[in-house]
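**Q** Prediction below, plus the sequence it came from.
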Amino acid sequence: MLLVLMAVGMSASLVVASVAPLEKKREEDRFFALLEQDIHYAQSQSYSLSTSVILVFRDHKPGYEVMYGVTRAGYARPMPESITLNASSNLREVYFTPNGSIRQPGTMRFSTSSGERTVTVHLGKGRVVVSK
């Protein structure tokens with residue numbers, strides 16, 4: 001009886017250990033999907049409200065904030081602990097002008113548990129590409 005209980009306990013611990021990295025990957029994928037949606041929402045808000053909307057990654061906060069204009073705070077989103085914005089990124093904010101176009105194009109590089117992911121913001125109408 002004790003042998004069976006030990007075998008069940010060991011197999012259960014193996015299942016839990018194999019699910020943890022998968023859950024971390026899913027959490028990271030959800031973050032990047034939400035980031036992409038927030039960027040598109042910020043662009044639509046800048047156009048509909050006729051004001052600049054800025055999505056900002058700050059050094060001292062793990063996450064990003066959406067600002068309406070330069071002074072009015074919108075909302076903030078936390079970033080999972082397994083994701084960090086690399087110092088090699090040439091973009092730390094996505095700035096939409098009042099007509100919905102992008103102010104500065106560039107690439108944000110993120111370190112994740114499964115490697116590097118990039119978010120590229122193109123000049124012009126602000127098309128955004130999130131790498132997989």
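**A** Looks like it arrived, so ask away. Residues are numbered from 1 along each chain as shown.

**Q** CA atoms for contacts and neighbours, from now on please.
**A** Fine.

**Q** Going along the chain, name the helices of this protein.
**A** 2-49 (DSSP state H).

**Q** Can you pull out the low-pLDDT segments for the protein?
**A** 2-20 (pLDDT under 70).

**Q** who's in contact with the closest residue in space to Val130 that isn't next to it in sequence?
**A** Ranked by CA to CA, 6 or more residues apart in numbering and with sequence neighbours excluded, the top spatial neighbour of Val130 is Val119, at 4.5 Å. Counting by CA atoms under 8 Å, 6 or more residues apart in numbering, Val119 touches 107-109, 128-131.

**Q** one more time with 6 Å
**A** 107-108, 129-130 (CA atoms under 6 Å, 6 or more residues apart in numbering).

**Q** Which of the residues you listed sits closest to Glu81?
**A** Nearest to Glu81, judged by CA to CA, of those is Met108 at 17.1 Å.
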